[in-house]
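Novice: 3D, please:
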Amino acid sequence: AEAGQDRASFTKGGVGAHGTVVVFDADQFDDQTDIDPDLFNVFLLSPSISLSGVSANKVTLRFDSSFRPYDTMTGLVDVSFNNGGSWTNLLTLDTASTPGGESSLQRADETIELPISNPAGGSMKLRFGMTTAGNDWWWAVDNIRVTSAAGLIGDVNGDNLVNLADFDVIRANFYTGD
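Specialist: Model (predicted):
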């Protein structure tokens, strides 16, 4: 409810009920030090998330979000499968992607679900960021969940098919405990 900016519109965040809420707040930061024009660029990085035993294209990111756009501020969600060596954008939030445009509260209380085109196995990192912001509004994020859908029953090689290739893997490992 900082400075009467309608942050109370974010009811999905459940402050105090679900844990810590991350708030990217260029306006509040600008009140302490001058970041104009558009010098606020911050990122929150997840730890490495194991994809061991996860089939390709089976991961989903879900989180609660409160985004109030202004000027050039941009909210980003990115994923990396090489420990942050490169990033792939999953979501961009800005004035153009918000119904109602600049200063709109249309995206101030929503749950966002993003499918992730993950490889089979390995690991991934997520990055949430606010960029090119100045004395602008905010983006709050809470209840971040990463899940993987169960693969097909019988798909032991993780290629999203149940066929003779799966039987070959089973036959090759029969009685081995693998």
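Novice: all strands of this structure, in order?
Specialist: Listed in chain order, the strands found in the chain under DSSP state E are 22-25, 40-45, 49-50, 59-68, 74-80, 88-93, 110-116, 123-133, 138-148.
Novice: ok and the second one relative to strand 138-148, angle-wise?
Specialist: Put simply, strand 40-45 runs at 20 degrees to strand 138-148, going by axes from the mean of the first three to the mean of the last three Cα atoms, to 10 degrees.
Novice: using CSV, write out every CA atom in strand 40-45.
Specialist: Output of strand 40-45 as CSV, limited to C-alpha atoms (Å, rounded to 0.1, in the frame of the first residue of the first chain):
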residue,chain,number,x,y,z
PHE,A,40,16.3,1.4,-13.1
ASN,A,41,17.4,-2.0,-14.4
VAL,A,42,17.1,-4.8,-11.8
PHE,A,43,16.9,-8.6,-11.9
LEU,A,44,15.9,-11.4,-9.6
LEU,A,45,17.6,-14.7,-10.4
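Novice: just want the angle from it to strand 74-80.
Specialist: Using the same axes, to 10 degrees: strand 40-45 against strand 74-80 is 30 degrees.
Novice: now do strand 40-45 against strand 123-133, angle only.
Specialist: Relative orientation of strand 40-45 versus strand 123-133 (the same axes, to 10 degrees): 170 degrees.
Novice: where is the longest helix in this structure?
Specialist: The single longest helix within the chain, with elements called by DSSP state H, is helix 164-172.
Novice: check which residues of that one are buried.
Specialist: residue 166 (16 or more other Cβ atoms under 10 Å). Placement of C-beta: from N, CA and C, glycine included.
Novice: show me how far it is from its chain's centre.
Specialist: Here helix 164-172 is found 36 Å from its chain centre; the criterion is Cα atoms, centre = their mean, to the nearest Å.
Novice: just for the chain, where's the confidence low?
Specialist: Within the chain, the ranges that satisfy pLDDT under 70 run 1-4, 13-19, 150-155, 158, 160-161, 177-178.
Novice: with only the CA atoms kept, save stretch 60-68 in CSV.
Specialist: Only the C-alpha atoms of stretch 60-68 are listed here, as CSV (Å, rounded to 0.1, in the frame of the first residue of the first chain):
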residue,chain,number,x,y,z
THR,A,60,5.4,-24.8,-16.6
LEU,A,61,6.1,-21.6,-14.7
ARG,A,62,3.2,-20.1,-12.7
PHE,A,63,3.2,-17.0,-10.6
ASP,A,64,1.0,-14.2,-9.2
SER,A,65,1.7,-10.8,-10.7
SER,A,66,0.8,-7.2,-10.2
PHE,A,67,2.1,-5.0,-13.0
ARG,A,68,1.2,-1.3,-13.4
